[in-house]
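1. Attaching a predicted model along with its sequence, questions to come.
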Amino acid sequence: MRKRYFDHVATNPLDVRVFDAMMPYFTEDFGNPLSIYDLGAKAKEAIEKARAHVASLINSKSSEIIFTSSGAEANNFALRGIALARQNEGKHVIVSKMEHHSILNSARFLEKMGFVVTFLPVDKYGIVAPDTVRKSITKETTLISIIHASSEVGTIEPIKEIGQIAKEKGIIFHTDAVAAAGNIPVDVKELGVDLLSMAAHQFYGPKGAGALYVREGLRIVPLIYGGIQENGRRAGTENVPAIVGMGRAAELAKDEMADRIEQAKKLRDKLIKGVSGIENIYLTGHPVPISRDSQRENRLPAHASFTVEFIEGEAMLLLLAAKGIYAASGSACSSKALKASPVLLSMGVSSNLAQGSIVFTLGAGSTEEDIDYLLSEFPQVIKRLREMSPYAKGWGMKGEGGECTVQK
Amino acid sequence: MKFVENVKADVTTDIVYMMCPMHLLKLEEKIRELDDGQILEIMTDYDGALEDIPGWCEKTGNEFLGIKETEDFYKFYIRKSETRLYEKVKRK
């Protein structure tokens, strides 16, 4: 059976061209970039070349890129590093309820350290209103961190507008662009961000490679202490092959972005249109606009997410997997913990409905035929589960178990 | 330690929170870029620099002017002194 991968937001396969670029650095060119002889110099040269490509992807200077081991590390580094560096100026940090756990849990750590954290609400599409950000700012606020694009519902946040507010108020602004960088155009100057996190495996680079953009002149307390790698800001012998891979992946993403977006959107729209026809199934996140103005689209190009009423996400995933379809249900944490996604709840989705969350994400290798196959199998899976579901006739009495009550 | 006020630096480098031995690497790099007689200001929170930077100056012949303390970090002032180094070499 052909495997059809609809979980590109979880991770991606390594691009073969990236793999080829990485290969020599495992065995032949294995030197430590800090070593002064030629083997070291070669490794050093390779990571600096990669740095230039990553910088170019987001329109920054090379010296503003710090390589990390993951997007999560970049997020931890940004939140903790800036909050600590600026704690004499204030101890208030603003994040949104759309954030990834690497931001949310870092924020909770800061709370334990004595910081005050505001978790901003979002609207039904998951959008953080710039005005809400403005209203939450106090004299104590030193840092705002808002996710660029949600991997769970695909919503793209108004980062540029929030960036303007932060700048106006003299507050440092970080964005977690892990799901965005390499997939949609991301320009740190245009967005007006001071820090930005990214992860290589989100754009066909290797896992275990990430980066944090830190605007020139900004002070940040290290997360990992040790030697003088990454200009004395992130210690640890560099993962040279992974960094080289990230650089090559960034180069390819930049060159091929327009084509990748166009292809993804075409398939995504077909998928959304097809799935939306099924009874009692709702799109989560931002609807795709009717007039196609790609600049204003608030949804990731390869992202389709839904909630399916009366059944539960995990069951759908298992039955779909049995048919060779790999998808996700909400965040990894909520699928593993079998609890309703906090992101969906914050968007006003009822906890019952949030149980039926399902996310399909497309990428290189996704074909029109894959979508056709999904559209033919998915309704059957839903039908079968609804036949088994004790909730298929509704969640119970109106007002008791939730607002969705269908009685046949 | 020599404390100074109102030193006008020609070049400032901010390495606050950067790890040791960045203070020595940056010092060397920046001094190389300066003209003779120009003053470098280095901002660092690394306590070890209190010993290392005057020591480095002593060794290289650059003139250590002193430090200024702020709440979170130190500011070190160093004057590039090629002639002093030259004279030292000559004396030997």
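-> Structure received.

2. make it CA atoms for all contacts and neighbour counts henceforth
-> Noted.

3. quick one: the helices in the chain?
-> No chain in the question, so chain A it is. Using DSSP state H, the helices of chain A run over residues A:16-22, A:38-57, A:71-85, A:101-112, A:130-136, A:159-169, A:188-191, A:229-232, A:240-276, A:313-322, A:332-337, A:342-346, A:351-354, A:368-388.

4. wrong one, I was asking about chain B
-> Along chain B, the segments classed as helices by DSSP H run B:22-33, B:49-60, B:82-91.

5. now, of the helices of chain A, which is deepest in the fold?
-> Among these, helix A:71-85 has the highest mean neighbour count (mean count of other Cα atoms under 10 Å in any protein chain shown), at a mean of 24.

6. List the contacts of it.
-> With contacts defined as Cα atoms under 8 Å, 6 or more residues apart in numbering or on different chains, helix A:71-85 is touched by A:68, A:91, A:93, A:102-103, A:106-107, A:110, A:142-143, A:145, A:172, A:174, A:176, A:178, A:195, A:197-199, A:209-212, A:219-223.

7. out of these, who's near chain B?
-> Restricting those to those near chain B by Cα under 8 Å from any Cα of the partner chain leaves A:219-222.

8. Which positions are bridged to the residue at minimal distance from the centre of chain B in the beta structure?
-> For chain B, B:I78 is the residue whose C-alpha lies nearest the centre (Cα atoms, centre = their mean; 3.7 Å). Here B:I78 sits in beta bridges with B:L40, B:F64, going by DSSP bridges.

9. re earlier: which among the ones next to chain B among the contacts of helix A:71-85 end up buried?
-> For the ones next to chain B among the contacts of helix A:71-85, a burial check counting by 16 or more other Cα atoms under 10 Å in any protein chain shown picks out A:219-222.

10. List the ones among the contacts of helix A:71-85 that fall in strands.
-> A:68, A:93, A:142-143, A:145, A:172, A:174, A:176, A:195, A:197-199, A:210-212 (DSSP state E).

11. Quick one: name the residues of chain B near chain A.
-> Those residues of chain B that sit near chain A, judged by Cα under 8 Å from any Cα, are B:14-22.

12. As TSV, those residues with pLDDT would be great.
-> Shown next, in TSV, are these (pLDDT from 0 to 100):
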residue	pLDDT
B:D14	96
B:I15	96
B:V16	96
B:Y17	95
B:M18	95
B:M19	94
B:C20	91
B:P21	93
B:M22	94
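
13. Any quick ChimeraX command for the buried ones out of these?
-> This is the ChimeraX syntax for the buried subset of the residues of chain B next to chain A, where burial follows 16+ other Cα under 10 Å:
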select /B:14,15,16,17,18,19,20,21,22
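
14. between the residues of chain B next to chain A, which is nearest A:Y282?
-> For those, the minimum distance to A:Y282 (Cα to Cα) is 48.5 Å, reached by B:Y17.

15. leaving aside the residues next to it on the chain, what's closest to the closest one?
-> A:V221 (5.3 Å; Cα to Cα, 6 or more residues apart in numbering or on different chains).

16. Quick check: that neighbour vs A:I82, distance?
-> 7 Å (Cα to Cα, to the nearest Å).

17. pLDDT value on the residue positioned nearest the centre of chain A, please?
-> Ranked by distance to the mean C-alpha position of chain A (Cα atoms, centre = their mean), the top residue is A:A179 at 2.9 Å. On pLDDT, A:A179 comes in at 98.

18. which ones are touching it?
-> A:9, A:148-151, A:198, A:202 are the contacts of A:A179 under Cα under 8 Å, 6+ apart.

19. Angles on the backbone of it, please.
-> Main-chain torsions, A:A179, degrees, to the nearest 10: phi -80, psi -10.

20. what distance separates stretch A:203-212 from the centre of its chain?
-> Centre-to-centre, stretch A:203-212 and its host chain are 12 Å apart (Cα atoms, centre = their mean, to the nearest Å).

21. Could you give the average pLDDT over it?
-> 98.

22. repeat for stretch A:78-88
-> 97.

23. Low-confidence regions, the chain specifically.
-> Reading this off chain A. Across chain A, the ranges flagged by pLDDT under 70 are A:289-296, A:331-338, A:391-408.

24. nope, chain B please
-> Looking along chain B with the criterion set at pLDDT under 70, you get B:83-92.

25. The same query, at a cut-off of 90, please.
-> Filtered on pLDDT under 90, chain B yields the residue ranges B:1, B:71-72, B:82-92.

26. returning to what we had before: right, and the residue nearest to the centre of chain B touches B:D36 too?
-> No. Using Cα atoms under 8 Å, B:I78 makes no contact with B:D36, being 11.3 Å away.

27. give the contact list for the residue nearest to B:Y17.
-> Contact analysis of A:V221 by Cα under 8 Å, 6+ apart lists A:77, A:80-82, A:84-85, A:233, B:17-18.

28. Give me the distance between it and A:A78.
-> The gap separating A:V221 from A:A78 is 9 Å, by Cα to Cα.

29. So which bits of chain A are right by chain B?
-> Checking chain A against chain B by Cα under 8 Å from any Cα, the hits are A:217, A:219-222, A:225-228, A:231-233.

30. Name the residues that touch stretch A:121-140?
-> A:89-92, A:94, A:96-98, A:118, A:120, A:153, A:155-158, A:161-162, A:165, A:284-286, A:343, A:346-349.

31. Filter these down to just the buried residues.
-> Neighbour counting with 16+ other Cα under 10 Å marks A:90-92, A:94, A:96-98, A:118, A:120, A:153, A:155-158, A:162, A:165, A:284-286, A:343, A:346-349 as buried within those.

32. that older thread, closest one of the ones next to chain B among the contacts of helix A:71-85 to chain B?
-> Closest to chain B out of the ones next to chain B among the contacts of helix A:71-85 is A:V221 (5.3 Å), distances taken as Cα to the nearest Cα.
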